[in-house]
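Visitor: Sequence first, predicted model second:
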Amino acid sequence: MNYRLRTLGHPDLQPHDYERSSLLSFAEKLTRPLMLVHGLADDNVAPAHTLRLSAELLAAGRPHRVLLLPAVGHLVTGEGVADTLLQLELDFLKSSLGA
């Protein structure tokens with residue numbers, strides 16, 4: 001059973017809970033740049049969810065970046081991947097904050 005079903009119940013039976021917990025309705029309210037990072041081998045959160053949020057942000061004209069990590073799961077580990085990701089995140093923060 002996946003995490004959302006355990007915490008929110010079945011989407012057909014609890015649609016309001018899913019709507020309430022969704023970030024999609026907040027996409028147009030974003031005021032700062034956002035970096036979405038998603039491992040494509042994630043078995044906890046489907047990559048389609050990140051892509052859907054990116055589509056909403058794009059439609060709303062909100063600044064964001066998407067970084068998809070092939071062969072990476074929900075937890076980023078592994079030498080060469082984790083350290084590179086940290087550097088990319090640091091670079092994003094510096095550029096977003098004008099540092």
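Guide: Alright, I've got the coordinates.
Visitor: what's the burial count for residue 27?
Guide: A total of 21 residues lie near residue 27 under the criterion other CB atoms under 10 Å. In this view, the C-beta of every residue, glycine as well, is placed from N, C-alpha and C.
Visitor: wait, is it part of a strand?
Guide: No - with DSSP: H, G, I helix; E, B strand; the rest coil as the criterion, residue 27 is helix rather than part of a strand.
Visitor: so it sits right up against residue 57, yeah?
Guide: Yes - here residue 27 reaches residue 57: they are 4.9 Å apart, a contact under CB atoms under 8 Å.
Visitor: Now stretch 20-31: buried residues?
Guide: Within stretch 20-31, the residues that count as buried by 16 or more other CB atoms under 10 Å are 27, 30.
Visitor: Contacts for that stretch next, please.
Guide: Residues outside stretch 20-31 that contact it (CB atoms under 8 Å, 6 or more residues apart in numbering): 8, 19, 52-53, 56-57, 59-60, 62-64.
Visitor: Out of those residues, list just those in strands.
Guide: residue 64 (DSSP state E).
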